[in-house]
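In: coords please:
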Amino acid sequence: MAKTIPLASNDKGVISIAKIEKPYGEGSKPVVSIGISLNGDAENPDWKAHIPLENIEDVCAAVKEVAGE
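Out: Got it, this is the predicted structure:
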């Protein structure tokens, strides 16, 4: 499953979020891939980060804290 969110600072831009089961081949652990595309091409983001599933809750909490929520 993948999700796409419009990028607030850019009319065409999108944030893409997807789960990748074997990002680095056999034996690698699943990650959540977060990409930013300025031209709206979610399949080929300008920037991306892979976050191990084990870290997702802590990363989400840290993002909320940094954002002041």
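In: all contacts plus neighbour counts: C-alpha atoms, from now on.
Out: Will do.
In: how close does the residue lying closest to Ile56 once chain neighbours are set aside sit to Ala62?
Out: Leaving aside its chain neighbours, Ile56 sits nearest to Val32 (7.9 Å; criterion: Cα to Cα, 6 or more residues apart in numbering). As judged by Cα to Cα, to the nearest Å, Val32 and Ala62 stand 16 Å apart.
In: hang on, the earlier thing: ok, now which ones touch the residue nearest to Ile56?
Out: Listed by Cα atoms under 8 Å, 6 or more residues apart in numbering, the contact partners of Val32 are Ile17, Ala18, Lys19, Ile20, His50, Ile51, Pro52, Leu53, Ile56.
In: that one: what secondary structure?
Out: Classification of Val32 using DSSP: H, G, I helix; E, B strand; the rest coil returns strand.
In: what about it, distance to Glu21?
Out: Following Cα to Cα, the distance that separates Val32 from Glu21 is 9 Å.
In: give the bridge partners for the residue nearest to Ile56, please.
Out: Following DSSP bridges, Val32 is listed with bridge partners Lys19, Ile51.
In: got a pLDDT number for it?
Out: Val32 is assigned 98 on the pLDDT scale.
In: strands of this protein, start to end?
Out: Applying DSSP state E to the chain gives strands spanning 2-6, 14-20, 31-37, 47-52.
In: show me which residues of the second one are buried.
Out: Right, the one you point to is strand 14-20. Neighbour-count burial for strand 14-20, counted by 16 or more other Cα atoms under 10 Å, picks out Val14, Ile15, Ser16, Ile17, Lys19, Ile20.
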